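Engineer: okay, predicted coordinates and the sequence, questions at the end:
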Amino acid sequence: QLRLAESGGGLVQPGGSLRLSCDTSGFNLDHYAIAWFRQAPGKEREGVSIISSSGTTTNYEGSVKGRFTISRDKGANTVYLQMNSLKREDTAVYFCGAGYRPWSDYVSLNEDEYDYWGQGTQVTVSS
């Protein structure tokens, strides 16, 4: 059964850190690119970061570059998003998505290219 499940969200002060986890049980990570998206209240969902199915290529949305890091642990079937120096504008529901791109370095933050989604985890940055 293919499913994605996010965890690790919560309330954090500006400047703080959180690590989100995406449980990718059922997915062969050699075949799927995994990306993180987020949706803030009243805004459209936007791509945040992606790791290719090859595991060798990553990409980040401009406002999170240098602050967020995506990684994966194939043995644990988990993709992580380490978020440092959090800002109020990072407040959103964070989703992970899986797109079928076997053995590929291809990366895209176009949500139309993702077929599977988790339910999301809330991240709130506030003092």
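Structural biologist: Yep, it's here.
Engineer: what separates stretch 107-114 from the chain centre, distance-wise?
Structural biologist: Taking Cα atoms, centre = their mean, to the nearest Å, one finds stretch 107-114 lying 12 Å from the centre of the chain it belongs to.
Engineer: let me fix that, I meant to ask about stretch 41-53.
Structural biologist: 7 Å.
Engineer: could I get the buried residue list for that stretch?
Structural biologist: Arg45, Gly47, Val48, Ser49, Ile50, Ile51, Ser52, Ser53 (16 or more other Cβ atoms under 10 Å). From N, CA and C alone the C-beta is placed, and that goes for glycine too.
Engineer: do a quick rundown of the strands in the protein.
Structural biologist: Along the chain, counting by DSSP state E, strands occupy 5-7, 10-12, 18-23, 32-39, 46-51, 58-60, 68-73, 78-83, 92-100, 116-117, 121-125.
Engineer: is the residue minimising distance to the centre of the chain in a bridge, and if so with what?
Structural biologist: Closest to where the C-alpha atoms of the chain average out (Cα atoms, centre = their mean) is Trp36, at 2.2 Å. Counting by DSSP bridges, Trp36 is bridged to Ser49, Cys96.
Engineer: residues contacting it?
Structural biologist: 20, 22, 47-50, 70, 79, 81, 94-97 (Cβ atoms under 8 Å, 6 or more residues apart in numbering).
Engineer: for those residues, which one is nearest Val125?
Structural biologist: Ranked by distance to Val125 (Cβ to Cβ), the contacts of Trp36 are led by Tyr94 at 11.7 Å.
Engineer: hmm, back to that, ranking the strands of the chain by burial, who's on top?
Structural biologist: strand 32-39 (a mean of 24; mean count of other Cβ atoms under 10 Å).
Engineer: and the angle from it to strand 46-51?
Structural biologist: 150 degrees (axes from the mean of the first three to the mean of the last three Cα atoms, to 10 degrees).
Engineer: how distant is strand 32-39 from the center of its chain?
Structural biologist: 4 Å.
Engineer: related to what we said a few turns ago, okay, the strands of the chain in a markdown table with distance to Tyr106 next?
Structural biologist: Listed next are these as a markdown table, based on distance: least, Cβ to Cβ, whole Å:
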| stretch | distance to Tyr106 |
| --- | --- |
| strand 5-7 | 23 |
| strand 10-12 | 32 |
| strand 18-23 | 19 |
| strand 32-39 | 7 |
| strand 46-51 | 9 |
| strand 58-60 | 10 |
| strand 68-73 | 15 |
| strand 78-83 | 16 |
| strand 92-100 | 9 |
| strand 116-117 | 17 |
| strand 121-125 | 26 |
